[in-house]
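*Asks:* Let me see the structure of the following:
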Amino acid sequence: MKLGTMIIFNEQINFEEKFNSVKELGLPSCQLTSWNPSLWTDENVESICDASKKTGVEISAFWCGWTGPVVWDFYDGQITLGLVPAEYRQMRVEQLCAGADFAKKLGVTDVITHMGFIPENPNDPNFAPFCVAVRTVSKHLKKNGQNLLFETGQETPVTMLRCFEKVGTDNLFVNLDTANVILYGKANPVDALDVFGKYVRNIHAKDGFYPTNGHDLGEEVRIGDGKADFERLFKKLKELDYHRYVTIEREIDGDKQTEDIIYAKKYLEDIIKNVYGADELC
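*Replies:* Purely as a prediction, here's the structure:
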């Protein structure tokens with residue numbers, strides 16, 4: 001199992017500097033995240049590959065964003081996020097395919113995104129065309145030898161599973177964000193594994209609280225301070241024979257973000273060693 005964190009580039013950055021910052025934290029892997037398709041260039045492929053090689057930091061996945069409006073709440077989020085809103089769907093299908101091609105050049109097989117507030121009702125008239133769009137993206141990734149990972153949060157675990165069944169391709173998997181299922185009030189991460197555990201290929205280690213009103217998401221907090229039960233989570237992951245990536249995410253900026261990532265690293269290492277044994281972490 002490899003711990004890691006996020007490297008985000010929505011503008012041009014010094015990749016070697018960013019990869020070095022991950023290495024200096026003692027983390028062997030990262031998820032690379034971008035919402036700006038104009039940066040998915042061959043020049044950046046070269047820079048990223050060089051930085052990864054020089055630092056020894058592995059890219060576990062590419063988190064592929066998309067353009068258009070983005071609102072992280074229960075009202076406008078319903079009509080702006082992912083492939084669910086019909087008016088942005090084709091554009092975002094094309095961008096996800098372009099992001100997958102960028103990731104392929106990096107040698108990355110797992111592409112992650114938020115799909116949006118997938119209709120809970122399978123008879124909703126938007127459910128079937130949404131699944132067609134997902135199938136289009138997943139088939140493109142299949143040709144690339146890649147997997148499409150749904151980031152959890154905006155849908156219940158059963159809704160995600162139902163979508164997998166409807167789409168019907170064999171390269172759909174889950175990026176389990178341990179806080180998002182809580183922040184969106186959809187599940188808790190431990191019990192969610194009973195529904196889609198076999199599909200989990202990467203994890204965002206994050207923590208938070210349930211929503212306290214019907215408009216806003218719950219509050220994200222430092223790992224260990226919220227509702228996610230990481231001891232139980234890793235016991236369940238061990239039962240599922242999970243030995244892949246755990247990517248620390250803290251959605252704040254500045255020195256406090258770095259401080260909380262360092263804290264999370266130690267917190268998670270202690271739990272993983274206790275549950276799996278001292279030799280589990282790479």
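*Asks:* so where's the stretch 51-200 of the chain shaky on pLDDT?
*Replies:* Applying pLDDT under 70 to the stretch 51-200 of the chain flags no residue at all.
*Asks:* just the helices in it please.
*Replies:* Applying DSSP state H, counting those that start in this stretch to the stretch 51-200 of the chain gives helices spanning 77-80, 86-105, 127-143, 157-167, 180-183, 189-196.
*Asks:* which helices and strands sit right next to the helix or strand containing residue 48?
*Replies:* In this structure, residue 48 is located in helix 42-55 according to DSSP states H and E. Using 3 or more Cβ pairs under 8 Å, 6 or more residues apart in numbering; DSSP states H and E, the elements in contact with helix 42-55 are helix 15-24, strand 58-64, helix 86-105. No exception for glycine: its C-beta is placed from N, CA and C like everyone else's.
*Asks:* residues of it that come out buried?
*Replies:* 44-45, 47-48, 51-52, 55 (16 or more other Cβ atoms under 10 Å).
*Asks:* residues contacting residue 282?
*Replies:* Going by Cβ atoms under 8 Å, 6 or more residues apart in numbering, residue 282 touches 1-2, 28.
*Asks:* Same question for residue 16.
*Replies:* 47, 50-51, 54-55.
*Asks:* Give me the distance between residue 40 and residue 260.
*Replies:* Residue 40 sits 29 Å away from residue 260, going by Cβ to Cβ, to the nearest Å.
*Asks:* I figured residue 187 hits residue 158, correct?
*Replies:* No - counting by Cβ atoms under 8 Å, residue 158 is not a contact partner of residue 187; they are 9.1 Å apart.
*Asks:* More neighbours: these two, which one.
*Replies:* residue 187 (22 against 14; other Cβ atoms under 10 Å).
*Asks:* residues contacting the closest residue to the more buried one other than its chain neighbours?
*Replies:* Excluding the flanking residues, the one nearest residue 187 by Cβ to Cβ, 6 or more residues apart in numbering is residue 181, at 4.3 Å. Applying Cβ under 8 Å, 6+ apart to residue 181 gives the contacts 152-153, 157, 187-189, 192.
*Asks:* Just the endpoints, please. Distance across stretch 213-229?
*Replies:* 23 Å (Cα to Cα, to the nearest Å).
*Asks:* just to revisit the earlier point, Throw the contacts of residue 181 into TSV and include distance to residue 124, thanks.
*Replies:* Putting the contacts of residue 181 into TSV (distance: Cβ to Cβ, whole Å) gives the following:
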residue	distance to residue 124
152	20
153	19
157	18
187	20
188	25
189	26
192	22
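*Asks:* Considering these, which is situated nearest to residue 247?
*Replies:* Within these, the smallest distance to residue 247 is 13.1 Å, found for residue 152 (Cβ to Cβ).
*Asks:* Now that closest one: phi and psi?
*Replies:* When read as degrees, to the nearest 10, the backbone of residue 152 gives phi -80, psi 160.
*Asks:* my guess is it meets residue 192, correct?
*Replies:* Yes - Residue 152 lies in contact with residue 192 (Cβ under 8 Å); the separation is 7.0 Å.
*Asks:* what's the overlap in contacts for those two?
*Replies:* With Cβ under 8 Å, 6+ apart as the test, residue 152 and residue 192 both reach 176, 181.
*Asks:* Settle it for me: which of those two has more neighbours?
*Replies:* residue 152 (28 against 24).
*Asks:* and the more buried one, what is it in contact with?
*Replies:* Counting by Cβ under 8 Å, 6+ apart, residue 152 has contacts 160, 174-177, 180-181, 186, 192.
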